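A.B. asks: need coordinates for the following:
(one chain, ligands or ions: 3)
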Amino acid sequence: MTTDPTTLHVGGAAPYDVVIGHGVADRLVGLLGAGGRPQRVALILPDTLAALAAPVRASLEAEFEVTELVVPDGESAKTAATAAACWASLGEAGFTRSDAVVTFGGGATTDLGGFVAATWLRGVRVVHVPTTLLAMVDAAVGGKTGINTDAGKNLVGSFHEPAGVLCDLTLLATLPRADLIAGMGEVVKCGFIADPRILELVEGHETDELLDTDGPALRELVERSVQVKVDVVVADLKETAGTSGDVHPGREALNYGHTMGHAIERAEAYRMRHGEAVAIGSVFVAELARAAGVLSDATADRHVSAFGRVGLPTGYSGADFDTLRAAMAVDKKSRGNQLRFVVLHEVGTPRVLAGPDDAWLRAAYDTMVARAQATA
Ligand SMILES: NC(=O)c1ccc[n+]([C@@H]2O[C@H](COP(=O)([O-])OP(=O)(O)OC[C@H]3O[C@@H](n4cnc5c(N)ncnc54)[C@H](O)[C@@H]3O)[C@@H](O)[C@H]2O)c1
Ligand SMILES: O=C(O)C(=O)C[C@@H](O)[C@H](O)[C@H](O)COP(=O)(O)O
Ligand SMILES: [Zn+2]
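C.D. replies: Numbering: from 1, shown residues only. Ligands and ions are numbered 1, 2, ... in the order given. Below you'll find the predicted structure:
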């Protein structure tokens, strides 16, 4: 096990560090202090993680006036009502612009807490302490924050970069295996869009080695995935590069597999894990690219094997085509009535596919259903 922490620097107008390692909790106060020492800190966490958060809470209480904002667990926290409850608590605590938010939890908590920090006083500092693999490699980095509405996933939010991210791999020891596997959905996604070495690692190790939270394979996968995300967001923080008909997706590349993935999450009333839906959505969009004639059979098939290898689902039959088509229409990549997808032309070469033929969409949908039925 590598014991020294790794620090990945995120450049740009508001630079910050992502610290990755085992037992790095003592770095939190330092990350918070960058840019001026806060007097008050709001610790946002789900009720289920109170015990796991005890050391973090203690280290904060030794330095700051701490207000604890306990939110619902998982996706159910990503609502306007929870954000409003957090705003009320910040108001009661007299939170000023020099104070800071710390989030502690999975991607749902960092999305909600990041959104609260982005909107309170039009933006206060936030440091994320992600506790799931998915949040470490993706949600906590890059400044996308958001909540869901009845109309769909992540439809309200803002870009608000953190002041720091602390990925303490020790916290993964208690994460249920299914959530660890779900995090691999975003890891494998990073392999396909930008870093083939990730795919080689996944294909070259046994699943148990990959999921060993103390092992070298997982550590390398985390570092490589965070690096992919950092490189993309530094180049296109606000996701504007893929607009105006540009076929190079910029930040939209990180949305690979998410058009169908988010539609499935909504159809499943958010009971399916995000990383599982991303895996299915990535296999779907590989089929779409195959149908469109831009992706080789070998790379399309490699999606099924790579996601499947870590125990992720690759098919889905729970909703009809029209339901999913309608949900995809509110995807943020859509322009007017036109659906836009991030597809691959080959590993590491993401491109925008705008307005695909309905026949291609239906063919990819049929394959997704057939794959689910074959594995049922
Ligand atoms: N902002 C972004 O860029 C971005 C990127 C990817 C995903 N996301 C969002 O992230 C969310 C998914 O995140 P997630 O997969 O982390 O799910 P999650 O936040 O719902 O957490 C999953 C479950 O794991 C539990 N948990 C968390 N850490 C634990 C630990 N160390 N030990 C035991 N249990 C633990 C949680 O309590 C929860 O029940 C989705 O809402 C997705 O939209 C955002
Ligand atoms: O950071 C990004 O950009 C991403 O698209 C990363 C995704 O993994 C993540 O799920 C994100 O929240 C999706 O964003 P959205 O814009 O489709 O809501
Ligand atoms: Zn995602």
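
A.B. asks: CA only for contacts and neighbour counts going forward, please
C.D. replies: Noted.

A.B. asks: for M136, which non-adjacent residue is spatially closest?
C.D. replies: Closest residue to M136 in three dimensions, ignoring its sequence neighbours and counting by CA to CA, 6 or more residues apart in numbering: P130, at 5.3 Å.

A.B. asks: surely that neighbour touches F104?
C.D. replies: Yes - if you go by CA atoms under 8 Å, P130 and F104 touch, sitting 5.8 Å apart.

A.B. asks: so for these two, which residue has more residues nearby?
C.D. replies: P130 (29 against 26; other CA atoms under 10 Å).

A.B. asks: which residues touch that one?
C.D. replies: 103-107, 110, 136, 140, 165-168 (CA atoms under 8 Å, 6 or more residues apart in numbering).

A.B. asks: among those residues, which ones lie close to ligand 1?
C.D. replies: 105-107 (CA under 6 Å from any ligand atom).

A.B. asks: could you pull out the strands for this structure?
C.D. replies: In order along the chain, the chain carries the following strands (DSSP state E): 6-10, 16-21, 40-46, 65-71, 100-105, 125-130, 144-149, 152-159, 164-168, 340-346, 349-354.

A.B. asks: can I get these in a markdown table with mean pLDDT and distance to ligand 2?
C.D. replies: Listed next are the strands of the chain as a markdown table, based on pLDDT from 0 to 100; distance: least, CA to the nearest ligand atom, whole Å:
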| stretch | mean pLDDT | distance to ligand 2 |
| --- | --- | --- |
| strand 6-10 | 98 | 14 |
| strand 16-21 | 98 | 15 |
| strand 40-46 | 98 | 18 |
| strand 65-71 | 98 | 19 |
| strand 100-105 | 98 | 15 |
| strand 125-130 | 98 | 14 |
| strand 144-149 | 98 | 6 |
| strand 152-159 | 96 | 5 |
| strand 164-168 | 98 | 14 |
| strand 340-346 | 97 | 11 |
| strand 349-354 | 96 | 13 |
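
A.B. asks: out of those, nearest to A327?
C.D. replies: Closest approach to A327 among the strands of the chain is made by strand 152-159 (7.3 Å; CA to CA).

A.B. asks: okay, buried residues for that closest one please.
C.D. replies: 152-154, 157-159 (16 or more other CA atoms under 10 Å).

A.B. asks: that strand vs strand 144-149, what angle?
C.D. replies: 140 degrees (axes from the mean of the first three to the mean of the last three CA atoms, to 10 degrees).

A.B. asks: so what touches strand 152-159?
C.D. replies: Residues contacting strand 152-159 (CA under 8 Å, 6+ apart): 115, 118, 143-149, 237-238, 262, 266, 327, 330, 332.

A.B. asks: do that again at 6 Å, thanks
C.D. replies: 143-148 (CA atoms under 6 Å, 6 or more residues apart in numbering).

A.B. asks: max pairwise distance over these: which two?
C.D. replies: Across the contacts of strand 152-159 (CA to CA), the longest gap, 16.5 Å, separates G143 and N148.

A.B. asks: who has more neighbours, the two?
C.D. replies: Between G143 and N148, counting by other CA under 10 Å, G143 is the more crowded of the two (23 against 19).

A.B. asks: what sits against the more buried one?
C.D. replies: G143 touches 159-161, counting by CA under 6 Å, 6+ apart.

A.B. asks: just give me the neighbour total for the residue in the stretch 151-300 of the chain that ligand 1 sits nearest to.
C.D. replies: Closest approach between the stretch 151-300 of the chain and ligand 1, counting by CA to the nearest ligand atom: L175, at 3.6 Å. By other CA under 10 Å, 15 other residues sit near L175.

A.B. asks: where does the stretch 151-300 of the chain come near ligand 2, residue by residue?
C.D. replies: Near ligand 2, when you scan the stretch 151-300 of the chain using CA under 6 Å from any ligand atom, you find 154, 251-252, 254-255.

A.B. asks: any idea which helix or strand in this protein has the lowest mean pLDDT?
C.D. replies: Every helix and strand of the chain was ranked by mean pLDDT, DSSP states H and E. The lowest is helix 28-33, at a mean of 94.

A.B. asks: that one: how far from the chain's middle?
C.D. replies: 23 Å (CA atoms, centre = their mean, to the nearest Å).

A.B. asks: and if you look at stretch 110-129?
C.D. replies: That offset, for stretch 110-129, works out to 16 Å (CA atoms, centre = their mean).

A.B. asks: who touches it?
C.D. replies: 78, 83, 97, 100-104, 140, 145-146, 160, 162-166.

A.B. asks: could you give me the ChimeraX syntax to select whichever of those residues are buried?
C.D. replies: A single ChimeraX command selects the buried members of the contacts of stretch 110-129 (16+ other CA under 10 Å):
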select :78,83,100,101,102,103,104,140,145,146,160,162,163,164,165,166
